[in-house]
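> just to be clear, the model below is a prediction. Sequence and coordinates:
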Amino acid sequence: MTPGLAGLRAALHLLSAIAIAALGVDVRSDIQLDLLEERATELLDEAGTFADDAGIEPTSKAVEYGPSIHKVVLNHQTGDHLSGTGEF
C-alpha cells in the first residue's frame, strides 16, 4: 500500500451517458431513448454486480442523457443533471 494512503477509500460512481443528438429527428426517437435507457440500466446493474463481487460497493448508479456525452458527464460531476432516470 502507498504510504500515507492507508484507510482512505475511493467512491465508485457508475454513469451511463446517452447523447440524444445521436438519435436524430426520427419520430421513433422516444422509443429508441426508452430502449437505450433500459439497456443502460441493465449494464449498470451488471457493472454494480461485478464491482460487488470484487469487494467494491458502488456509491451511485445513474442513467442520464443530454446533447452530448461530454456535457452529460460534466453536468453529472457538478450535480446539474440534465435529464434521465437519475440515480437509482
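It's in.
> CA only for contacts and neighbour counts going forward, please
OK.
> what part of the protein, helix or strand, is modelled with the least confidence?
Least confident helix or strand of the chain, by mean pLDDT, DSSP states H and E, is strand 83-87 with a mean of 55.
> show the average pLDDT along the longest helix along the chain.
If you go by DSSP state H, the chain has its longest helix at helix 29-53. For helix 29-53, the mean pLDDT works out to 90.
> next one: stretch 62-73
What stretch 62-73 shows for mean pLDDT is 89.
> what's the pLDDT at residue 80?
At residue 80, the predicted lDDT confidence score is 66.
> could you list every residue that touches the residue nearest to the spatial centre of the chain?
Most central in the chain under Cα atoms, centre = their mean is residue 15, positioned 1.4 Å from the mean C-alpha point. Contacts here follow Cα atoms under 8 Å, 6 or more residues apart in numbering; on that basis residue 15 touches 44, 61-64.
> got it, and residue 47?
Residue 47 makes contact with residue 14, according to Cα under 8 Å, 6+ apart.
> what separation is there between it and residue 32?
Noted for residue 47: a distance of 22 Å to residue 32, by Cα to Cα, to the nearest Å.
> how far away from the center of its chain is stretch 57-76?
For stretch 57-76, the separation from the chain centroid amounts to 5 Å (computed by Cα atoms, centre = their mean, to the nearest Å).
> pull that stretch out as CSV, backbone CA atoms only.
Coordinates of each C-alpha in stretch 57-76 appear next as CSV, following Å, rounded to 0.1, in the frame of the first residue of the first chain:
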residue,chain,number,x,y,z
GLU,A,57,-19.6,-1.2,-3.3
PRO,A,58,-20.8,1.4,-5.9
THR,A,59,-21.7,4.7,-4.4
SER,A,60,-24.2,5.6,-7.1
LYS,A,61,-25.6,4.4,-10.4
ALA,A,62,-27.3,6.8,-12.9
VAL,A,63,-28.6,6.9,-16.4
GLU,A,64,-28.6,10.4,-17.9
TYR,A,65,-28.9,11.9,-21.3
GLY,A,66,-28.2,15.2,-22.9
PRO,A,67,-27.0,16.9,-26.1
SER,A,68,-23.5,15.2,-25.8
ILE,A,69,-21.8,12.6,-23.7
HIS,A,70,-19.2,15.2,-22.7
LYS,A,71,-22.0,17.6,-21.5
VAL,A,72,-23.8,14.8,-19.5
VAL,A,73,-20.6,13.8,-17.7
LEU,A,74,-19.7,17.4,-16.9
ASN,A,75,-23.2,18.1,-15.6
HIS,A,76,-23.2,14.9,-13.6
